[in-house]
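S.K.: what's the 3D shape of this:
(2 chains)
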Amino acid sequence: MKLRRPLPPAEAVSLPRRHFVQGLAACGVMAGLGLPSFASSAEAGPRELSGQEFDLVISELPVNFTGQAAIATVVNGQLPGPTLRWREGDTVTLRVTNRLRVETSIHWHGIILPAAMDGVPGLSFDGIAPGETYVYRFQVGQSGTYWYHAHSGFQEQTGVFGAIVIEPVQQRQPRMREHVVMFSDWTDEDPARVYAKLKTYDGYYNYARPTVADLLQQAKKEGWSRAWQERMMWDEMRMSPRDLADVSGATYTFLANGTTPQANWTAQFDNGEKVRLRIINASAMTYFDVRIPGLKMTVVAADGQEVHPVTADEFRIATAETYDVLVEPQSDQAYTIFAQTMDRSGFARATLAPRLGMSAEVPALDPVPTLTMADMGMAHNGHGPASHDASAQDHSSHDHSGHDHSDDDMEGMEMDDGMVMDEQPAKPDMAKKPDMMEIKHHPATENTPGSSMQAQVVSTRLDDPGVGLRNNGRRVLTYADLRTVGSWQDPREPGRTVELHLTGNMQRYMWSFDGVEYADAAPMRLTYGERVRIVLVNDTMMDHPIHLHGMWSELEDQRDEFQVRKHTVRVQPGHALSYRVSAHALGRWAYHCHLAYHMNGGMFREVVVA
Amino acid sequence: MNAQNRAKSRWLCGWTAMALGVGVAVPAQAHEMEGDVFSAVMLDRLEARNDNGVYTAYWEGQGWMGGDLNKAWFKTEGETGQGKAQAADAQLVYSRAIAPFWDAQIGARHDFQSGGMPSRDWLAVALKGLAPYNFDVDAGAFFGSQGAAARFKASYNLLLTQRLALLPEAEANLYSKADPQRALGTGLSNLDLSLLVKYEIRREFAPYLGVMWSNKYGATAGYARLNGVPANQMFYVAGVRLWW
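M.R.: Residues are numbered from 1 along each chain as shown, chains lettered A, B, ... in the order given. Next comes the predicted model:
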């Protein structure tokens, strides 16, 4: 497709060669509409709707982010959809009309509401059929930064999302200028095709696979024997230390408020003024590492919940998380809001400037990080790989090399609905848990072709910023830095613990909990009113953002004390963590990995509170 | 999303689609038919071979359709020289995931009639997957009126850079009984070793150059010599890998 307008003058942006899809300078949505001014969306950002009654229409929209015409699915004709501004305590009514040819839905991510209002087809309601309008109505009992998105097919990937900002009844922070910065990942490909390609070849979008060139480089630094040994260990397991993102900049253009890095969405500030940035990761598959070179960020909220202010240079935002940060630019200059992807295959970019049209240097991408054996949940003493040894023979005998446990020592654990339930009451002592925890038991259901790895030793540390951010010279935020203001929403000790393993087989591109995909799994049952501890053990080599609908996930620290209240909890590879949930929400709820293709693949559970 | 049942019910559908893919496979879209059925067609080698000015064409391809655990799998390989097919076969098997990296397969193999050689039919069983250290392995055993046969294939994809790769490949065929009509002796009949340098322009389009050593053994070598073909040959090959 030809451009309707000439490109604006090239900016002083040094674009790394590794980057594939940089995006057009002209903003895609506007190009699709054929509107006259290229700059309009770059300045304005998503439109805002406020009040108690909202009309949202979901429809297709021609867009052009890359020079190639494509069709997005959007809310009210814009990508992102309008920012919805609610007031805590209000009852909001949202009439959502479907102008697509297929079923749609809107899920209000992180909002505590009745099950019928949660917007998950098949669980909360029947979805919104083409031409129909569904009326959501609920009372807003919280404040902060949230977002909404479709929960149907891959519509979230193709643009059905927007921000929610809820004003608190009592404003704790003084009013200040604020901007919503919503990051997302756009592909011109049909997401179903992306998914099919991953099923055919898991490395389809990965252009950072370990090569001989990498080996030579590592050998130069660390010596041949070490480099070779390490490569052999990975190869023996048939795993890749560069398995950082399933879908990369090879097909994605990363957007900030629906704007390509070239088009440079710009947020304005007045010199010396404090600005609140409400940062939302609305991507389908991408983790971003966000920083604003030249400015310290003070994180004041995570997942909408106020935290004790903590200052950082950089933070990693998992898919579906939100962070509110305050910045205080002191000079009359532009600052780049730089969000490089975890796999370093690209970046989203926006600018914070006193005047439109200004821009600052865009940093180079950091080197592609490499996972370590610890990220695999592998013991440091190296007693064997953590992967199944998967020849046909020893599969049948459940004898996994590197695991010397037998199925007999599963005493004290009860297999129920494919879930390991430990009925012991919570530990009374508040001693700090060790940093490393041996995973002695794996659910028997993990012995399936759909799960290729079992962690042996995992980290329970919350102060690990994650692969690619460790010791990078910057002050990087971790979960250990996030302390939600106040305490548990429910002071009771958990009555029981439910352990759930995050499982998958990258090579087959299969994803599940405890080796059981959603379609084959019984719902996880919670008793209405109970307080439960959920332990998540990551048996894969990927980072998973786990989202429980309808109820808060209150993360425990290593002393089992209150850490942070979240709606989406990031579980790093080689890690385990625990959080408490109060089952105060009757009904059927979704519980899943928020990476769209993992969720679609079956890393999903129904949670029934009854 | 019960892939197992679904694959069973789609068994015939997959069979028909695969049957269409004989020879140069039909470019089937890898999109979902419904639910979780996927498909792919991979022509891993489509090449011209040259041994001292004598050219032959060779292909090796596969396609599958199905879910994560159960698939209909089609495989074919063959060689033609001077417009006449010298040897070609095709297999259609049911493929079931039995371990994280391994599929067990069972089905039929057909050796095509060509150049005066009669056709043969076999029951095919195979273990296909990824061995430790990332070797792609396809080990098949075949049973028919001509006794038993075996075919072992292994390859390795050594990435020099993100797009440039070195591919060693090996294929061996064995027969329990001599089949003079198809110029085959007992035991190891041939061992082909290739070394290819492949450049991935796209995942779906990767041209390559390489060399191949083709060695025939025992009575099979004798039959070859009788037909004026040396038992040990070295070819220069040029080809392309195509995926759909």
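
S.K.: Tell me where the stretch 201-350 of chain A has helices.
M.R.: A:212-222, A:224-237 (DSSP state H, counting those that start in this stretch).

S.K.: which one of those is the most hemmed in?
M.R.: Highest mean neighbour count among these (mean count of other C-beta atoms under 10 Å in any protein chain shown): helix A:224-237, with a mean of 16. Just so you know, the C-beta spots here come from the backbone N, C-alpha and C atoms, and that holds for glycine as well.

S.K.: tell me the mean pLDDT over that one?
M.R.: Mean pLDDT, computed over helix A:224-237, is 92.

S.K.: helices and strands around that helix, which ones?
M.R.: With contacts taken as 3 or more C-beta pairs under 8 Å, 6 or more residues apart in numbering or on different chains; DSSP states H and E, helix A:224-237 sits against helix A:212-222.

S.K.: Report all helices and strands that the helix it packs on contacts.
M.R.: When contacts are defined as 3+ C-beta pairs under 8 Å, 6+ apart, helix A:212-222 sits against helix A:224-237.

S.K.: picking up where we left off before, tell me which of the helices of the stretch 201-350 of chain A lies nearest to residue A:261.
M.R.: Nearest to residue A:261 among the helices of the stretch 201-350 of chain A is helix A:212-222; the distance by C-beta to C-beta comes to 26.6 Å.

S.K.: and the angle for the closest one with helix A:224-237?
M.R.: 140 degrees (axes from the mean of the first three to the mean of the last three C-alpha atoms, to 10 degrees).

S.K.: Run the chain-centre distance for helix A:212-222.
M.R.: On the basis of C-alpha atoms, centre = their mean, to the nearest Å, helix A:212-222 sits 32 Å off its chain's mean C-alpha point.

S.K.: nearest to residue A:497, of the helices of the stretch 201-350 of chain A?
M.R.: helix A:224-237 (29.8 Å).

S.K.: All the helices of chain B, residue numbers only.
M.R.: Secondary structure of chain B (DSSP state H): helices at B:3-9, B:11-19, B:218-226.

S.K.: rewinding a little: export the helices of the stretch 201-350 of chain A as a markdown table, with columns for distance to residue A:510.
M.R.: Shown next, in a markdown table, are the helices of the stretch 201-350 of chain A (distance: least, C-beta to C-beta, whole Å):
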| stretch | distance to residue A:510 |
| --- | --- |
| helix A:212-222 | 27 |
| helix A:224-237 | 17 |
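
S.K.: quick one, which of the ones you listed is nearest to residue A:561?
M.R.: Taking the helices of the stretch 201-350 of chain A one by one with C-beta to C-beta, helix A:224-237 is closest: 36.3 Å.

S.K.: Using CSV, write down the CA coordinates of the closest one.
M.R.: Only the C-alpha atoms of helix A:224-237 are listed here, as CSV (Å, rounded to 0.1, in the frame of the first residue of the first chain):
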residue,chain,number,x,y,z
TRP,A,224,36.6,-23.0,25.5
SER,A,225,35.9,-25.7,28.0
ARG,A,226,33.3,-23.7,29.9
ALA,A,227,31.6,-22.4,26.7
TRP,A,228,31.5,-25.8,25.2
GLN,A,229,30.3,-27.5,28.3
GLU,A,230,27.5,-25.0,28.7
ARG,A,231,26.4,-25.4,25.1
MET,A,232,26.5,-29.2,25.5
MET,A,233,24.3,-29.0,28.6
TRP,A,234,21.7,-26.9,26.8
ASP,A,235,21.8,-29.1,23.7
GLU,A,236,21.6,-32.3,25.7
MET,A,237,18.3,-31.0,27.2
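
S.K.: so which residue of the stretch 401-550 of chain A comes closest to chain B?
M.R.: Residue nearest to chain B within the stretch 401-550 of chain A (C-beta to the nearest C-beta): residue A:519, separated by 2.8 Å.

S.K.: Surely that residue forms part of a helix?
M.R.: Yes - with DSSP: H, G, I helix; E, B strand; the rest coil as the criterion, residue A:519 is part of a helix.

S.K.: For chain B, which residues are neighbours of chain A?
M.R.: Contact residues (C-beta under 8 Å from any C-beta of the partner chain) of chain B with chain A: B:1-2, B:30-32, B:38, B:40, B:68-69, B:97-102, B:104, B:127, B:129-130, B:132-134, B:158-162, B:203, B:243.

S.K.: For residue B:184, give its distance to chain A.
M.R.: Distance of residue B:184 to chain A, computed by C-beta to the nearest C-beta, to the nearest Å: 29 Å.

S.K.: wait, doesn't that residue sit right on residue B:223?
M.R.: Yes - using C-beta atoms under 8 Å, residue B:184 is in contact with residue B:223, at 7.2 Å.

S.K.: how many neighbours does the residue lying closest to residue A:606 once chain neighbours are set aside have?
M.R.: Spatial nearest neighbour of residue A:606, chain neighbours left out: residue A:523 (4.1 Å); criterion: C-beta to C-beta, 6 or more residues apart in numbering or on different chains. By the measure other C-beta atoms under 10 Å in any protein chain shown, the count of residues near residue A:523 is 18.

S.K.: Could you report the separation of residue A:523 from residue A:113?
M.R.: 20 Å (C-beta to C-beta, to the nearest Å).

S.K.: Next: residue A:57.
M.R.: 21 Å.

S.K.: So between residue B:184 and residue B:223, which is more surrounded?
M.R.: Using other C-beta under 10 Å, the more surrounded residue of residue B:184 and residue B:223 is residue B:184, with 26 against 20.

S.K.: Enumerate every residue touching that one.
M.R.: Applying C-beta atoms under 8 Å, 6 or more residues apart in numbering or on different chains, we find residue B:184 in contact with B:175, B:178, B:219, B:220, B:223.

S.K.: Widest-spaced pair of the residues you listed?
M.R.: For the contacts of residue B:184, the farthest-apart pair by C-beta to C-beta is B:175 and B:223; their separation is 12.0 Å.

S.K.: so what's in contact with these two at the same time?
M.R.: B:184, B:185.

S.K.: neighbours around residue B:51, how many?
M.R.: Other residues near residue B:51 number 16, with proximity taken as other C-beta under 10 Å.

S.K.: Would you mark the buried spots in stretch B:126-141?
M.R.: B:126-132, B:134-141 (16 or more other C-beta atoms under 10 Å in any protein chain shown).

S.K.: and that stretch, how far out from the chain's middle?
M.R.: 13 Å.

S.K.: Then stretch B:121-140?
M.R.: Worked out by C-alpha atoms, centre = their mean, stretch B:121-140 lies 11 Å from the chain centre.

S.K.: where in the chain is pLDDT low?
M.R.: Unless you meant another one, I'm taking chain A. In the predicted model of chain A, residues A:1-45, A:379-430 satisfy pLDDT under 70.

S.K.: that's the other chain; I wanted chain B
M.R.: Along chain B, segments meeting pLDDT under 70 span B:1-35, B:82-85.

S.K.: quick check: longest strand of it.
M.R.: As assigned by DSSP state E, the longest strand anywhere in chain B is strand B:84-99.

S.K.: Mind listing the strands that one pairs with, and their directions?
M.R.: strand B:70-81 (antiparallel), strand B:102-111 (antiparallel) (DSSP bridges).

S.K.: taking these together, which one is wrapped up most tightly?
M.R.: Sort the strands paired with strand B:84-99 by mean neighbour count, taking mean count of other C-beta under 10 Å, and strand B:70-81 sits at the top with a mean of 22.

S.K.: Now that one - C-alpha only, PDB.
M.R.: C-alpha atoms of strand B:70-81 as PDB (Å, rounded to 0.1, in the frame of the first residue of the first chain):
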ATOM      1  CA  ASN B  70      -2.100 -36.800  17.300                       C
ATOM      2  CA  LYS B  71      -1.300 -36.100  13.700                       C
ATOM      3  CA  ALA B  72      -1.600 -37.600  10.200                       C
ATOM      4  CA  TRP B  73       1.900 -37.500   8.800                       C
ATOM      5  CA  PHE B  74       3.000 -37.800   5.200                       C
ATOM      6  CA  LYS B  75       6.500 -38.400   4.100                       C
ATOM      7  CA  THR B  76       8.000 -38.700   0.700                       C
ATOM      8  CA  GLU B  77      11.400 -39.000  -0.900                       C
ATOM      9  CA  GLY B  78      12.600 -39.800  -4.400                       C
ATOM     10  CA  GLU B  79      15.000 -39.400  -7.200                       C
ATOM     11  CA  THR B  80      14.600 -38.900 -10.900                       C
ATOM     12  CA  GLY B  81      17.200 -38.900 -13.600                       C
END
